[in-house]
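> Task: produce atomic coordinates for the following.
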Amino acid sequence: MALPGEIYGAALYLAVACTILAYLGQTWAQARTTPVRTAIILSMEPLFAALFAWWWIGERLGWWGWMGAGLILWGIILAELRPFLGKKFKT
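You can find the predicted model right below:
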């Protein structure tokens, strides 16, 4: 089955823009910040994806989608902050 030429162009664009450039940017930024900040920033990717989809194409996330996204984000933040909170409240 042959695909239209536009498909190959779109796949090439996505490979370059969304994969190669994204990984280059992430590795550059990770070398210049702490692991905790990196984890928090990267955990916000689904939030920005949802906001961008809403702004650009009017996609709406349902109640369960927002709850799931919030729980994932909250879990990552708690996991990253746990060592700091454990030291502060240790008896």
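> CA only for contacts and neighbour counts going forward, please
Will do.
> And for Q30, nearest residue in space, chain neighbours not counted?
Once flanking residues are discounted, Q30 sits nearest to T38: 6.2 Å by CA to CA, 6 or more residues apart in numbering.
> so which strand or helix has that neighbour?
If you go by DSSP states H and E, T38 is part of helix 35-43.
> Could you look up the next helix or strand downstream of that helix?
Once helix 35-43 ends, the next helix or strand along the chain (criterion: DSSP H and E) is helix 45-57.
> got the CA coordinates for that next one in PDB?
Written as PDB, here are the backbone C-alpha positions of helix 45-57 (Å, rounded to 0.1, in the frame of the first residue of the first chain):
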ATOM      1  CA  GLU A  45       4.500  18.300  29.800                       C
ATOM      2  CA  PRO A  46       1.100  16.700  29.900                       C
ATOM      3  CA  LEU A  47      -0.400  19.900  31.400                       C
ATOM      4  CA  PHE A  48       1.100  22.100  28.600                       C
ATOM      5  CA  ALA A  49       0.000  19.500  26.000                       C
ATOM      6  CA  ALA A  50      -3.600  19.700  27.300                       C
ATOM      7  CA  LEU A  51      -3.500  23.500  27.400                       C
ATOM      8  CA  PHE A  52      -2.100  23.800  23.900                       C
ATOM      9  CA  ALA A  53      -4.700  21.300  22.500                       C
ATOM     10  CA  TRP A  54      -7.400  23.400  24.100                       C
ATOM     11  CA  TRP A  55      -6.100  26.700  22.800                       C
ATOM     12  CA  TRP A  56      -5.200  25.500  19.300                       C
ATOM     13  CA  ILE A  57      -8.000  23.000  18.400                       C
END
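> now the helix or strand following it and helix 35-43, what's the angle there?
With elements assigned by DSSP H and E, the helix or strand that comes after helix 45-57 is helix 63-89. Angle, helix 63-89 to helix 35-43, by axes from the mean of the first three to the mean of the last three CA atoms, to 10 degrees: 170 degrees.
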